[in-house]
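>>> Let me see the structure of the following:
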Amino acid sequence: MGKSNGGASSLGGFRAKMEHYVYSGEKKHVLAGIGIFTVIFGIPWYLMNQGSNNKHRSHQDYMEKADKARKARLSSSSSSDK
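Just a heads-up that it's a prediction; the model follows:
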């Protein structure tokens, strides 16, 4: 006779394999886990930081740029009110 609940038993086998890989502590499983985490978190991090040449700005640079934009916005709104 075959397995009575084919879908549930195959999921249990998958879970058992995953638990074996996670908790075995074998060197190849540890390296594979590190590689998976590196890919999962490394790709979004790379894409977020790609093309941002000015990411090392200081707070002072940011404040100066914000003040300049604020003054430009205020001066244009006051001249249009007249």
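
>>> Read off the pLDDT value for the most centrally placed residue in the chain.
For the chain, the residue nearest the mean C-alpha position is Pro44 (4.2 Å; CA atoms, centre = their mean). Per-residue pLDDT puts Pro44 at 89.

>>> Using PDB, write out every CA atom in the strand or helix carrying it.
Using DSSP states H and E, Pro44 falls within helix 27-49. Below are the C-alpha coordinates for helix 27-49, written out as PDB (Å, rounded to 0.1, in the frame of the first residue of the first chain):
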ATOM      1  CA  LYS A  27      30.800  22.500   7.500                       C
ATOM      2  CA  LYS A  28      29.200  22.400   4.000                       C
ATOM      3  CA  HIS A  29      25.800  23.100   5.500                       C
ATOM      4  CA  VAL A  30      27.100  26.000   7.500                       C
ATOM      5  CA  LEU A  31      28.800  27.500   4.400                       C
ATOM      6  CA  ALA A  32      25.600  27.000   2.400                       C
ATOM      7  CA  GLY A  33      23.600  28.800   5.100                       C
ATOM      8  CA  ILE A  34      26.000  31.700   5.100                       C
ATOM      9  CA  GLY A  35      25.900  31.900   1.300                       C
ATOM     10  CA  ILE A  36      22.100  31.900   1.400                       C
ATOM     11  CA  PHE A  37      22.000  34.700   4.000                       C
ATOM     12  CA  THR A  38      24.600  36.700   2.000                       C
ATOM     13  CA  VAL A  39      22.500  36.500  -1.100                       C
ATOM     14  CA  ILE A  40      19.200  37.300   0.600                       C
ATOM     15  CA  PHE A  41      20.600  40.400   2.400                       C
ATOM     16  CA  GLY A  42      23.400  41.300   0.200                       C
ATOM     17  CA  ILE A  43      21.500  41.900  -3.100                       C
ATOM     18  CA  PRO A  44      19.000  44.400  -1.600                       C
ATOM     19  CA  TRP A  45      21.900  46.200   0.200                       C
ATOM     20  CA  TYR A  46      23.900  46.400  -3.000                       C
ATOM     21  CA  LEU A  47      20.900  47.700  -5.000                       C
ATOM     22  CA  MET A  48      20.100  50.300  -2.300                       C
ATOM     23  CA  ASN A  49      23.700  51.700  -2.300                       C
END
